[in-house]
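Just need the structure, nothing else, for what follows:
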Amino acid sequence: MFALLKTAASHIITKGNLTITDSRGVTYQFGDQTGKPIQIRFTSAKWEREVALDPALKLGEAYMNGGFEFIKGDIYSLLETIFESTGPIAENQLWMKAFSFIRTATKRFVQMNTLRRSAKNVEHHYDLSGKLYEMFLDPDRQYSCGYFENPNVSLGEAQLAKKRHLAAKLQVKENEKLLDIGCGWGGLGLYFARVLGANVTGVTLSHEQHGIANQRAKDMGLQDKAKFLLLDYRKLDDAFDKIVSVGMFEHVGIGHYKEYFDHVKRLLKPDGRFVLHSIGRSGEPGATNPWIAKYIFPGGYIPSLSEVIPVIEKSGLIITDIEILRLHYAETLKAWREAFLAHWDEAKALYDERFCRMWEFYLAASESAFRWQGMMVFQIQLAHKQDAVPLTRDYIGEEEARLKKIDADPNLEKSEGNVKSATKTVEKKGDGATSQAPKSRRKTTTSQKDKK
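Sure, this is the predicted structure:
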C-alpha cells in the first residue's frame with residue numbers, strides 16, 4: 001500500500017527534507033533536501049493507505065493512534081514542511097479536491113447549531129478539566145488570540161493588551177451595561193468590571209466556565225458588577241450599551257449568521273456599540289478541516305469576510321471599523337503549544353497518551369494554519385448609527401494609552417468604583433509606573449521524546 005502514499009507524497013512535498021520509512025522498513029526521501037531533516041516511520045500498511053487517501057483527516061488520526069512515529073523531528077516540523085510546499089491550498093490532488101468539495105457542499109448541514117446541538121458542541125471542548133487549560137493558558141485563562149504590541153512581550157502581556165484593545169474600541173464607560181457573548185472563564189468581562197466599572201453580563205454554554213467565572217467574580221469582590229449566566233445568547237431579553245464577542249463566532253455556523261446579527265441588533269441599544277473578534281480566512285470560503293471538526297470543535301467554522309459582510313449589510317447594522325490581525329494568533333498558539341509540551345506528563349496523568357498526541361496535533365495544526373494557510377483574526381465594530389463612534393481611529397490609541405497607565409498601577413483596587421481613583425493615581429505618578437502585567441508561564445520546552 002505504500003505505493004499510493006509514495007505517489008501522494010511525491011506530489012505534495014516539493015520542499016524540505018522528509019524521509020518516510022514504510023511498515024516494511026523501506027525508506028524513501030521527499031522534498032528538495034533543504035532544511036532540518038524530518039523522518040517518520042509508519043507502523044502499519046493500514047495507516048499508509050488511509051493517510052494517502054485522506055490526509056486532511058487521517059494524518060491527525062494516525063499521529064493520535066500511533067500510526068507513525070518520529071525518528072527525527074516532530075509533528076509541528078512535519079506540518080511546516082507540508083504547508084510550505086503546498087501553500088494555503090493543501091488539497092492539490094484530484095482525490096483530495098473531491099473530499100474538499102463534498103465537505104464544502106455539506107457544511108451548512110454539518111453546522112446546523114440548534115440550541116441543543118450548540119450546548120453539546122461546547123461541552124465537547126470547553127467542559128474538559130480546568131486543570132488542562134491551566135497548563136497552557138495565561139493566568140487569566142484567555143483562550144483566544146493575544147495582541148502582540150511588540151515581538152518581545154510575554155503571553156500574559158499580549159492577552160492584557162488584547163483586553164485593552166477591545167475596551168478601547170468599545171469605549172466602555174462606568175456603570176454601562178455590557179454583554180460578553182461567549183464569556184469563557186470571565187477574564188475579559190472581569191477586566192471591564194474591575195478597571196472600567198461596567199455592569200457586565202457574560203453568557204456561556206460551558207458548565208465548567210460558568211462556575212469558574214462566577215467564583216472569580218466573587219473572589220475579586222465583583223459579584224455585584226459581573227454576573228455570568230449559563231445561557232444561550234439567543235435567549236437573552238435585555239438591552240445593552242456595549243456588546244463584545246471574542247472567539248465565539250467560530251461556533252455559530254454559517255447557516256446561523258443572520259440569526260446571530262439579528263439578535264445582536266435586538267440586544268444593542270440605539271446608541272450602543274458592538275465589537276466582534278473572530279478567526280477568519282484571508283482567502284475564499286472553504287470547509288472546516290475534518291480532523292478539527294471531528295475531534296476538537298464539532299459544528300465550528302472559520303468564515304471568509306465575504307461570508308460575513310453581506311449578512312451584516314442586510315441586518316441593518318452599520319460597519320464602523322474593521323481590523324485584521326495576521327500573525328498574532330500564530331504567536332499565541334506557539335506559546336500555548338510550548339507550554340502544553342512542558343506539561344506533557346501532567347496532561348498524560350490527567351487523560352492519556354492518545355489525548356496528549358491529539359492536543360499537540362491540534363495546537364501544532366492551528367499554529368500552522370495561521371502561518372501558512374491564510375488564517376487570520378478580524379475585529380468588526382458595528383453600531384446602529386453613523387455617529388456612534390468618533391470620526392477617526394485616534395480614540396483607540398488614546399484610550400489604550402490611558403488604560404495602559406491604569407494596568408501599570410500596582411495600587412489599582414480590584415473592586416467596583418475604582419475607575420476615577422485609579423485614574424487620579426496614574427495622573428500623579430505619570431508615565432514612570434512599571435508594568436504589572438501578568439508574566440507568561442511558558443517554560444523552556446524539551447522535546448516530545450524527552451517528555452515521554
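
And the strands in the protein?
When secondary structure is read from DSSP state E, the chain shows strands at 18-21, 27-30, 38-42, 68-72, 177-181, 199-204, 226-230, 240-246, 268-281, 318-325, 375-383.

The first one: how far from the chain's middle?
Same thing as strand 18-21. 32 Å (C-alpha atoms, centre = their mean, to the nearest Å).

Given that strand, what are its sheet partners and their directions?
Note on strand 18-21: by DSSP bridges, its sheet partners are strand 27-30 (antiparallel), strand 38-42 (parallel).

for these, which one ends up most surrounded?
strand 38-42 (a mean of 19; mean count of other C-beta atoms under 10 Å). To be clear about C-beta, it is placed using only N, CA and C from the backbone, and glycine gets the same treatment.

Report the angle between that one and strand 68-72.
With axes from the mean of the first three to the mean of the last three C-alpha atoms, to 10 degrees applied, the angle from strand 38-42 to strand 68-72 works out at 150 degrees.

Now Phe148. Nearest residue, chain neighbours left out?
Ala158 (4.8 Å; C-beta to C-beta, 6 or more residues apart in numbering).

ok, the one you found - contacts?
If a contact means C-beta atoms under 8 Å, 6 or more residues apart in numbering, then Ala158 has 146-149, 328, 331-332 as its contacts.

Inside helices: which ones of the residues you listed?
328, 331-332 (DSSP state H).

Which of those residues has the largest number of neighbours?
Highest neighbour count within the ones in helices among the contacts of Ala158: Thr332, with 28 neighbours (other C-beta atoms under 10 Å).

Please report how far that residue lies from Lys258.
Counting by C-beta to C-beta, to the nearest Å, the gap between Thr332 and Lys258 amounts to 30 Å.

likewise Leu391?
30 Å.

and what of Leu325?
With C-beta to C-beta as the criterion, Leu325 and Lys258 are 25 Å apart.

Likewise for Ala193?
Distance, Ala193 to Lys258, by C-beta to C-beta: 31 Å.

Looking at these two, which one has more neighbours?
Using other C-beta under 10 Å as the criterion, Ala193 and Lys258 rank with Ala193 on top: 27 against 13.

List the contacts of the more buried one.
Listed by C-beta under 8 Å, 6+ apart, the contact set of Ala193 reads 199-200, 217, 222, 225-226, 416.

hmm, back to that, just send the contacts of Ala158 back as TSV, with pLDDT and distance to Val244 too.
Converted to TSV, those look like this (pLDDT from 0 to 100; distance: C-beta to C-beta, whole Å):
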residue	pLDDT	distance to Val244
Gly146	98	16
Tyr147	98	14
Phe148	98	20
Glu149	95	20
His328	98	17
Glu331	98	22
Thr332	98	18
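
picking up where we left off before, can you tell me which of the strands of the chain is nearest to Tyr133?
With C-beta to C-beta as the measure, strand 199-204 is the member of these nearest Tyr133 (13.6 Å).

Can you tell me the strand partners of the closest one and which way each runs?
Partners of strand 199-204, by DSSP bridges, with direction: strand 177-181 (parallel), strand 226-230 (parallel).

Comparing the ones you listed, which comes out most buried?
Of the strands paired with strand 199-204, strand 177-181 is the most buried (mean count of other C-beta under 10 Å), at a mean of 24.

got the angle between that one and strand 240-246?
Following the same axes, to 10 degrees, one obtains 20 degrees for the angle between strand 177-181 and strand 240-246.

Which residue comes closest to Ile170 once chain neighbours are left out?
Just to correct that, residue 170 is Leu rather than Ile. Looking at Leu170 with C-beta to C-beta, 6+ apart, the closest residue is Lys242, at 4.7 Å.

tell me the contacts of the one you found?
Lys242 neighbours (C-beta under 8 Å, 6+ apart): 170-172, 176-179, 198, 272-274.

Export those as TSV, with columns for distance to Arg41 and pLDDT.
Shown next, in TSV, are the contacts of Lys242 (distance: C-beta to C-beta, whole Å; pLDDT from 0 to 100):
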residue	distance to Arg41	pLDDT
Leu170	52	98
Gln171	57	97
Val172	55	96
Glu176	59	98
Lys177	59	98
Leu178	54	98
Leu179	52	98
Ala198	56	98
Gly272	58	98
Arg273	55	98
Phe274	52	98
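
Closest to Ile380 out of those?
Ile380 lies nearest to Phe274 out of the contacts of Lys242, by C-beta to C-beta, at 8.4 Å.

how does the chain divide up, domain by domain?
Following the TED database, the chain resolves into domains at 1-93, 115-404.

so of these, which one's packed in deepest?
Mean neighbour count, computed with mean count of other C-beta under 10 Å, is highest for domain 115-404 among those, reaching a mean of 19.

Once you drop chain neighbours, what's closest to His277?
His277 sits nearest to Val246 (C-beta to C-beta, 6+ apart), 4.3 Å away.

Same question for Lys15.
Using C-beta to C-beta, 6+ apart, the nearest residue to Lys15 is Ser85, at 4.7 Å.

Skipping its backbone neighbours, what lies nearest the residue positioned nearest the centre of the chain in space?
For the chain, the residue sitting closest to the mean C-alpha position, by C-alpha atoms, centre = their mean, is Ser144 at 4.1 Å. Closest residue in space to Ser144, ignoring its immediate chain neighbours: Gly247 at 3.8 Å, by C-beta to C-beta, 6+ apart.

do Glu174 as well
Nearest non-adjacent residue to Glu174 (C-beta to C-beta, 6+ apart): Gly197, at 3.6 Å.

For Leu4, see how far away the one you found is.
Look at Gly197 and Leu4: by C-beta to C-beta, they are 63 Å apart.

again, but for Ile322
Distance from Ile322 to Leu4, by C-beta to C-beta: 45 Å.

Kindly report the same for Lys405.
Noted for Lys405: a distance of 62 Å to Leu4, by C-beta to C-beta.

so what pLDDT did Leu53 get?
With respect to pLDDT, Leu53 has a value of 87.

Hmm, it is touching Leu5, no?
No. The criterion here is C-beta atoms under 8 Å, and Leu53 misses it with Leu5 at 9.0 Å.

mind checking the end-to-end distance for stretch 178-191?
With C-alpha to C-alpha, to the nearest Å as the measure, stretch 178-191 spans 12 Å from end to end.

Could you give the separation of it from the chain centroid?
15 Å.

Of the contacts of Lys242, which pair is most distant in space?
Among the contacts of Lys242, Gln171 and Leu179 lie farthest apart (C-beta to C-beta), at 15.3 Å.

who's in contact with the closest residue in space to Gln171 that isn't next to it in sequence?
Leaving aside its sequence neighbours, Gln171 sits nearest to Glu399 (C-beta to C-beta, 6+ apart; 6.3 Å). By C-beta under 8 Å, 6+ apart, the contact list for Glu399 reads 167-168, 171.

Just give the nearest non-adjacent residue to Ser245, would you?
Nearest non-adjacent residue to Ser245, counting by C-beta to C-beta, 6+ apart: Ile181, 4.0 Å away.

for Glu313, same thing?
In this structure, Glu313 finds its nearest non-sequential neighbour in Ile319, 7.9 Å apart by C-beta to C-beta, 6+ apart.
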